[in-house]
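Engineer: Here is a sequence with its predicted model. Questions after.
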Amino acid sequence: FMVAYQALYRAGGRPIRAGDRVLVTGGNGAVGQAVIQLANLAGASLVFATAEKKHRHLLRILGATQLGIEPEEWIPEVAGDIDIVVDSVCDNEYQTAREAVKPKSGKLVCTGTTSKLLDGPGCLGMPMSSIFS
């Protein structure tokens, strides 16, 4: 919960406020789940989370509206309309996460690089997909 708290309250020069719209990529992960819960406790008006369809029930229980996992599935719905984006996936070097943030008043907090670990150097020099397959 510490990473989620830091992302919502301390990072980016602006704490979460009641009424904010929040997006977390990778909402089914540990940090994502904590972000969803803390954002709802803070009074966010809407919390979106990206994840695979199989995580829909979990995200709903946590209080998030699930969006598709691929950026082309969710960016049309949220582009330029999110107060706080917590990106734990790093798909396409955060480009779609930046597109989701409200211009001038929103903040983007990058907490992870899941997509880079899957195909990149990963753990011990091996791609994560090799380790877990």
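Structural biologist: Looks like it came in fine.
Engineer: check contacts around Thr65.
Structural biologist: Leu46, Val47, Phe48, Ala49, Leu59 (C-beta atoms under 8 Å, 6 or more residues apart in numbering). Any C-beta I mention is one placed from the backbone N, CA and C, and that applies to glycine too.
Engineer: let's see 6 Å
Structural biologist: Thr65 sits next to Phe48 when contact means C-beta atoms under 6 Å, 6 or more residues apart in numbering.
Engineer: Mind pulling up the pLDDT for it?
Structural biologist: Note for Thr65: predicted pLDDT of 96.
Engineer: And Ser133, by the same measure?
Structural biologist: So, for Ser133, pLDDT stands at 40.
Engineer: Can you list the residue ranges for helices in the protein?
Structural biologist: 2-5, 30-41, 56-62, 71-78, 95-100, 114-119, 128-132 (DSSP state H).
Engineer: Now find how far off-centre the first one is within its chain.
Structural biologist: The reference is to helix 2-5. Between the mean C-alpha location of helix 2-5 and the chain-wide mean there is a distance of 12 Å, by C-alpha atoms, centre = their mean, to the nearest Å.
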